[in-house]
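Peer 1: for reference, the sequence and a predicted model appear below.
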Amino acid sequence: MQLTKILGYLGLIASILVGLGEYFLHYSPSILEHSEDYEFFKFVALEHLTTGHFLAVIGLPFYFAGYIHIYRMLKSGNETLARLVLAIGFIAFAVGGVWIGSRASIGNIVQLKDTIDPSTYQNLLAHYTDHMEVLVKALRIIIATLSVVFAIAILKGGTYYKKWMAIFNPIVILVLLVVIGKLIPSVGKHMLPILMNVTHFILFALSLYQLKTISNETH
């Protein structure tokens with residue numbers, strides 16, 4: 001159980017480091033008013049783009065440790081479903097890593113807008129949207145699929161999770177955070193740019209809480 005606990009804390013570290021990185025990459029007070037065509041990047045300092053890029057890249061590998069934690073929490077129930085959650089989790093953060101690694105570059109392009117021919121600039125944005133932003137749509141589908149398998153694995157029983165944990169799968173947490181962010185813009189402008197990381201911070205925190213509960217029950 002000690003290894004499972006350590007892996008869970010590494011997942012938390014991932015959500016914090018990548019979350020901070022994404023916050024540096026994306027946040028400005030004008031983010032909600034300039035969401036079209038990546039215009040919000042005009043208000044992000046270049047040094048923030050650099051800091052955010054490297055924080056995210058450094059933190060990302062720890063997400064894989066976090067999903068090994070979840071696998072270890074699930075495997076006593078159904079090994080096949082646990083492995084499926086692990087595999088989908090790895091795919092999700094491989095795709096997410098490619099996407100977040102591109103953000104500093106598109107941010108720099110947006111800041112160079114006035115020095116680039118308008119048609120060339122639009123071509124660059126279109127190319128980025130077609131090759132990188134499309135990954136966000138793919139990631140949502142992957143996370144939704146992962147969430148379904150995660151919930152089924154828990155509901156089948158035999159895992160280290162109480163069955164109520166099935167409700168707190170990543171896609172449900174994500175949707176709840178989006179609703180909160182939309183209803184409370186003062187919170188949303190800080191949370192929505194780092195949504196996947198906030199989601200996983202909550203997921204790993206709840207998972208570690210359940211691990212601690214089980215450890216207490218067995219002593």
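Peer 2: Yes, it's here.

Peer 1: was I right to think V98 contacts L135?
Peer 2: Yes. Counting by Cβ atoms under 8 Å, L135 is a contact partner of V98 at 6.2 Å. Just so you know, the C-beta spots here come from the backbone N, C-alpha and C atoms, and that holds for glycine as well.

Peer 1: list the buried ones in stretch 52-62?
Peer 2: Buried positions in stretch 52-62, judged by neighbour count with 16 or more other Cβ atoms under 10 Å: 52-53, 55-57, 59-60, 62.

Peer 1: ah, wrong one, I meant stretch 136-144
Peer 2: Buried, per 16+ other Cβ under 10 Å, within stretch 136-144: 139, 142-143.

Peer 1: how many neighbouring residues does L112 have?
Peer 2: 11 (other Cβ atoms under 10 Å).

Peer 1: oh sorry, the question was meant for L174
Peer 2: L174: 21 neighbours (other Cβ under 10 Å).

Peer 1: so where do the helices sit in this protein?
Peer 2: Under the criterion DSSP state H, helices of the chain are mapped to 2-26, 46-59, 61-74, 79-100, 103-111, 118-128, 134-155, 170-183, 185-191, 195-217.

Peer 1: circling back: could you dump the buried residues of stretch 136-144 to TSV with distance to N169 and pLDDT?
Peer 2: Output for these, formatted as TSV (distance: Cβ to Cβ, whole Å; pLDDT from 0 to 100):
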residue	distance to N169	pLDDT
L139	15	94
I142	13	97
I143	9	96
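
Peer 1: OK, contacts around the spatially most central residue of the chain?
Peer 2: For the chain, the residue nearest the mean C-alpha position is M196 (2.9 Å; Cα atoms, centre = their mean). Shown in contact with M196 (Cβ atoms under 8 Å, 6 or more residues apart in numbering): 96, 139, 143, 174.

Peer 1: return the helix or strand in this protein with minimum mean pLDDT.
Peer 2: Using mean pLDDT, DSSP states H and E, helix 185-191 stands out as the lowest-scoring helix or strand of the chain, at a mean of 87.

Peer 1: which outside residues touch that helix?
Peer 2: By Cβ under 8 Å, 6+ apart, helix 185-191 touches 23, 27, 29, 31-32, 177, 180-182, 198.

Peer 1: among those residues, which ones are buried?
Peer 2: 23, 27, 31, 177, 181, 198.

Peer 1: lowest pLDDT pick from those?
Peer 2: The member of those with the lowest pLDDT is I31, at 68.

Peer 1: coming back round to it: put together CSV for the buried residues of stretch 136-144, with distance to K113 on each row.
Peer 2: Below are the buried residues of stretch 136-144 laid out as CSV (distance: Cβ to Cβ, whole Å):
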residue, distance to K113
L139, 27
I142, 32
I143, 32
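
Peer 1: contacting residues for the closest residue to L124 other than its chain neighbours?
Peer 2: Distance criterion Cβ to Cβ, 6 or more residues apart in numbering; nearest residue to L124, sequence neighbours excluded, is I109 at 5.6 Å. By Cβ under 8 Å, 6+ apart, the residues touching I109 are 116, 121, 124-125, 128.
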